[in-house]
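*Asks:* need a 3D model of the sequence below.
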Amino acid sequence: MDLNVGVIGVGALGRHHARIFAALDGARLVGVADSSESRGRAVAETHGCEWFPDYRELLSRIDAVSIAVPTFAHREVAFECLSRGIPMMMEKPLAGNLRDAREIAELAEETGVVLQVGHVERFNPATRAARSLCGSPRYIRSSRVSPFSFRSTDISIVHDLMIHDLDLILELVDSPPTRIQAFGVALFGEHEDAVQAHLTFENGCIADVTASRVCPVAARTMQIWSSTGCTDVDFTARTATRYSPGEALRNGLSPVQQALQPGADVEALKARVFGEFIEIERADVPADDALTAELAHFVACVRTGKTPECDGWKAVDVLELADRIQQSVRAHQWERGVIGPHVLQRSAPQRKSA
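*Replies:* All right, here's what the predicted structure looks like:
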C-alpha cells in the first residue's frame, strides 16, 4: 500500500519534492501546502493533488511529510508534525539556530518519529563512489561556488551552501574538529555571501573549505588526500577519480631519479607519469538523481522504522560546526565594503591604484 505523503513549501526546491513524490514507487502525493495560492495551486494541478493554504490542514491527510519552508519557520512546522507523530523530511539546515535544532532532534527521539534531514549530497552518486576510493582522509579541500540566486538570503553562505560539504567532511573524517579559523564577507545583505574556513580535527586531518554565492560560475568539487592516494570528486559532473602511486613508482626508481640517468628520455618519462607512475582509477558512477534517492530513502525509513542516513542528531553536529565557523568569521570581521581576494573569484577586474 502506498504511503500518503505531502509537501509543505513548494518554492524553488519544494516543487521538485512534489514532482518526485508524484512519480515515486511506494508513495502517493496527497497534497501540497504553500502560503502562495498561485504557486500552490499550480504545483497541485500539475501533479493531480490538493493545495492547502494552511499546512496544518494537510497533516490530517498524510502518513509522512517533506518540508521545504524558509529556515526561520523550521521549528514551528517541525514541532507541529512531530507532535502529531508524522514522520518528516526536513530540508537543511535542520533549524535556524542550534538550540532549535537540538529541540527538534530531542522531540523526534522522545516521540520515536522518523526525522530525516535533507543533506542531499550524501545521496549524490559521486559521493558514494568517492567513499569507496578515498580511504582515511588526512587532508580535504572543498569548493562550492555559484552565482547569486536570490534564494536563502535569510541565512549565511555557511548555512546555505557550505553546510553540504561540512556534512560530508564530518562523515568522512569521523573525528571532532578541534580548531577553526574562518573569514568571510557580506556583500548583498546582513549575512555572509562568501566564506573560507580552515579546520583541524582531533585525529590530525585538516580541511580547507570554500563557499561563495557571488561567483560567476558554478562549481562543486572536493579533493581528498589519504596515505594511499588522492581522490578528486566533481559533484556537478558526478565523477570520482583516484590517483595513487603505481607499481613502477612503488618498486622502482621514481621518474625524477630516472631523469637523472645518462641518456634519459625526459619527454618519454613525462608521458609515463599518469598511467604508469601514478595510477588513475575512475569510479563507475551511475546517473542516479540525488534528490530522488534521498526521498526514496525517506520513504523506506518510514516504512521500516530504520534510522535515516542523516537523522536529527547528525544534522545537529553539522549545524554546530557551521555555527562555530560563523563565530570565527565574526571574530575576523572585514570592514564593510572590503572584499577579500577569495570572494569574487574572477568576477570583477582589479581596480587600478589612484
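
*Asks:* residue contacts, the closest residue to Glu309 other than its chain neighbours?
*Replies:* In this structure, Glu309 finds its nearest non-sequential neighbour in Arg122, 5.8 Å apart by C-beta to C-beta, 6 or more residues apart in numbering. Yep, even glycine has a C-beta here, placed from its N, CA and C like the rest. When the contact criterion is C-beta atoms under 8 Å, 6 or more residues apart in numbering, the partners of Arg122 are Asp167, Leu168, Glu171, Glu294, Glu309, Cys310.

*Asks:* and the residue nearest to Arg56 when sequence neighbours are not counted, how many neighbours?
*Replies:* Among residues not flanking Arg56 along the chain, Glu80 sits closest, at 6.4 Å (C-beta to C-beta, 6+ apart). Neighbours of Glu80 under the rule other C-beta atoms under 10 Å: 17.

*Asks:* now the one helix or strand Glu80 maps to: mean pLDDT?
*Replies:* If you go by DSSP states H and E, Glu80 is part of helix 74-83. When pLDDT is averaged over helix 74-83, the result is 97.

*Asks:* residues in contact with that helix?
*Replies:* So helix 74-83 is contacted by 8, 55-56, 59, 65, 67, 69, 88, 90, 93-96, 100, 103-104, 107-108, 111, 113, 115 (C-beta under 8 Å, 6+ apart).

*Asks:* try 7 Å
*Replies:* Contacts to helix 74-83, defined as C-beta atoms under 7 Å, 6 or more residues apart in numbering, come from residues 8, 55-56, 59, 65, 67, 69, 88, 90, 94-96, 100, 104, 107-108, 111, 113.

*Asks:* how far off centre is it?
*Replies:* Taking the mean of its C-alpha atoms, helix 74-83 sits 23 Å from the chain's own mean (C-alpha atoms, centre = their mean, to the nearest Å).

*Asks:* in the protein, where is pLDDT below threshold?
*Replies:* 152, 334-354 (pLDDT under 70).

*Asks:* ok, now with 50
*Replies:* Scanning the chain for pLDDT under 50 picks out the ranges 337-354.

*Asks:* ranges for the helices of it?
*Replies:* Secondary structure of the chain by DSSP state H: the helices cover 14-23, 37-47, 55-59, 74-83, 98-111, 125-134, 157, 163-173, 247-251, 255-259, 266-272, 290-304, 312-331.

*Asks:* okay, the ones you listed in TSV with distance to Gly184 next?
*Replies:* What follows is the helices of the chain, written out as TSV (distance: least, C-beta to C-beta, whole Å):
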stretch	distance to Gly184
helix 14-23	28
helix 37-47	32
helix 55-59	34
helix 74-83	23
helix 98-111	19
helix 125-134	25
helix 157	7
helix 163-173	14
helix 247-251	40
helix 255-259	40
helix 266-272	40
helix 290-304	27
helix 312-331	4
